[in-house]
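>>> Sharing a model that was predicted from the sequence below.
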Amino acid sequence: MTNLETRPQEQVCVAGPLPSAVELIEPRDVPLGGPRAMTVRRTLPSKKRSLIGAFCFADHYGPDDISVSGGMDVPPHPHTGLQTVTWLFEGHVLHQDALGSVQTIQPGQLNLMTAGNGICHSEEGTVGRFPTQGRLHGVQLWTALPDADRAGERAFEHVPDVPAFWIDGAEVRVFMGSLGGVTSPARAYSPLVAAQIDIPAGAAVRLPVDPAFEHGVLVDSGELAVAGTAVPEAWLAYLAPGPDAILLEAGATPVRAVLLGGEPFGEQVLMWWNFVARTHEEVVQARSQWQAAIAGEPDGVARFGEVAGYGGAPLPAPELPNVRLRPRAR
C-alpha cells in the first residue's frame, strides 16, 4: 500500500551500529487516508531503525472490521526502486497494476510487485469489492532494490502456495527467501528472508537462522519473548547479525509473528512518500513524472503506466518539503 502520511519525511536508510541485545521498535499509527479509512501500524522506517536487511518499510493492519472502517481503498499510486510484499492473515485484497495484473490475494498467498524504474497500482479490500468479507488483517513490507536492479523493468508475481516446515511444534511459512531448508519461489534481489511463524501456547522454538543476517520479529498476536525479551503485540524486535538461532517462547496464548531479515543493506537509501531513491534529484523527478502521468502526459505515463480497472482518480503526490532532502543522522 502507499505511504499516505500527509507530511511525509525523507528517510535516508543506512546500516547503523548493531546492538548486542534485542532492540524493541514501537509501532506508530498511520491513517491510510479518508474519514472512514483503516489505520495501519508502522514499525519501519522508525527513528530507531530504517532497514532490516533490504526491508525498508513494514505496515501491519487489522484485524479490521471493514463494515465499520471502510477497509482498504488505496487509489492508483506510484512506486520506484522497491518491491511491495503483501501477506494476509484474514480477508482479501484486489491488486491491479500498470502491467494489467488483476489479482485477488487471499491468506497464505504472496503478492510481490517489483517497481523497478516505475510502476503504479491500486489496492482494494472493501465491502464494495468483497460483500461477504468481514475482516482484513495482514502486513505489507517493502524491500529496497539494489542499485544494479532499481532502474530495471517492472514485474508482478503471485505465489499461491509457499513452502512451509515444522519445528518444535511451530509452523513456519516462508514467503520470501530461504529458511529451515525450504525456499520461496518468489524473486528477491538481495539475500533476505520473510516468514509467518505460528507457535502453540507455551511452546519454545529454537529457530535456525543465517548468522550473517540481521532479523526482525513482528508480533501479530499472542505473548512472545524473543531471545528472552518480551515483545508486545504489534511491536518489532530487532536482532543484530551473529546468532545462528533465535529463541521464540510463547506465553499462555498461541502466537502469530512475522520474521523478516537479510544481510545488512550496504547502500544508502533515500525514501520519500512511495519512492525509494538515492538522491534528492531522483525524488523530485519521480514526483514530477507521476504528476505528469496523472495528467495523461506521455512522459509520465511511459514511466509509471496506468491502472485501467480502478473506479476513481489516481492519488496525487504530496508537496515536497521546502528543503533539500538530505541524509538523517541515526
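Noted; the coordinates are in hand. It should be emphasised that the depicted structure is a prediction, and the values quoted were computed from it without experimental measurement.
>>> can you pull out the helices in the chain?
66-69, 280-294, 298-304 (DSSP state H).
>>> For the residue nearest the centre of the chain, which residues are in contact?
The residue lying closest to the centre of the chain (CA atoms, centre = their mean) is L141, at 0.9 Å. Contacts for L141 (CB atoms under 8 Å, 6 or more residues apart in numbering) come out as F55, F57, A58, D59, T84, V85, W87, A194, L260. Glycine gets a C-beta too; all of them are placed from N, C-alpha and C.
>>> can you do 10 Å?
Residues near L141 by CB atoms under 10 Å, 6 or more residues apart in numbering: 44, 52, 54-60, 82-87, 112, 175-176, 192, 194, 216, 218, 258, 260.
>>> Tell me which entries of the residues you listed lie within strands.
44, 55-60, 82-87, 112, 175-176, 192, 194, 216, 218, 258, 260 (DSSP state E).
>>> and stretch 237-249, which residues are buried?
Neighbour-count burial for stretch 237-249 flags A237, Y238, L239, A240, P241, P243, I246, L248, E249 (criterion: 16 or more other CB atoms under 10 Å).
>>> average pLDDT for that stretch?
Stretch 237-249 shows a mean pLDDT of 98.
>>> returning to that earlier point: which one of the buried residues of stretch 237-249 sits closest to P75?
Using CB to CB, Y238 comes nearest to P75 of those, at 33.0 Å.
>>> Can you name the residues bridging to the closest one?
Taking DSSP bridges as the rule, Y238 bridges to E23, G216.
>>> And L247, how close does it get to L145?
32 Å (CB to CB, to the nearest Å).
>>> Tell me how many other residues surround the closest residue in space to D149 that isn't next to it in sequence.
Spatially, and ignoring its direct neighbours in sequence, D149 is nearest to Y189 (4.8 Å; CB to CB, 6 or more residues apart in numbering). By the measure other CB atoms under 10 Å, the count of residues near Y189 is 17.
>>> Could I get the contacting residues of Y189?
A54, L82, Q83, T114, T143, A144, L145, P146, A148, D149, R150, G152.
>>> ok, the residue nearest to the last one when sequence neighbours are not counted to H79 distance?
If you skip the residues right next to it in sequence, G152 has G116 as its closest partner in space, 4.3 Å away by CB to CB, 6+ apart. Applying CB to CB, one obtains 9 Å for the distance of G116 from H79.
>>> Report the set of residues contacting both of those two.
Contacts common to G116 and H79, judged by CB under 10 Å, 6+ apart, are R154.
>>> returning to that earlier point: now which of the contacts of Y189 would you call buried?
Looks like the contacts of Y189 have A54, L82, Q83, T114, T143, A144, L145, R150 buried, using 16+ other CB under 10 Å.
>>> And the fifth one, how far from G53?
Taken as CB to CB, the spacing of T143 relative to G53 amounts to 8 Å.
>>> list the residues that contact both of these two?
A188, S190, L192, A194, L260, G262, F265.
>>> pLDDT at the closest residue to V284 other than its chain neighbours, what is it?
Residue nearest to V284 in three dimensions, not counting chain neighbours: L320, with 6.7 Å by CB to CB, 6+ apart. Per-residue pLDDT puts L320 at 95.
>>> number of nearby residues for L320?
Neighbours around L320, by other CB under 10 Å: 17.
>>> before we move on, what about Q106?
Q106 has 12 neighbours, counted by other CB under 10 Å.
>>> In this structure it contacts G91, no?
Yes: counting by CB atoms under 10 Å, Q106 does reach G91; the two are 8.2 Å apart.
>>> any idea how far V162 is from G177?
G177 is 11 Å from V162, by CB to CB.
>>> intersection of neighbour lists for those two?
Joint contacts of G177 and V162 (CB under 10 Å, 6+ apart) are T183, S184, A186, A194, A195.
>>> Of the residues you listed, just the buried ones, ChimeraX syntax please.
The buried residues among the shared contacts of G177 and V162 can be selected in ChimeraX (16+ other CB under 10 Å) with this line:
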select :184,186,194,195
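>>> now, which of the shared contacts of G177 and V162 sits nearest L270?
A194 (23.1 Å).
>>> Would you quantify the distance from that closest one to S288?
On the measure of CB to CB, A194 and S288 end up 33 Å apart.
>>> if I look at the closest residue to R278 other than its chain neighbours, how far off is I52?
Excluding the flanking residues, the one nearest R278 by CB to CB, 6+ apart is L270, at 5.8 Å. For L270, the distance to I52 equals 17 Å [CB to CB].
>>> With neighbour numbers in mind, choose between these two.
Neighbour count, other CB under 10 Å: between L270 and I52, I52 has more, with 27 against 22.
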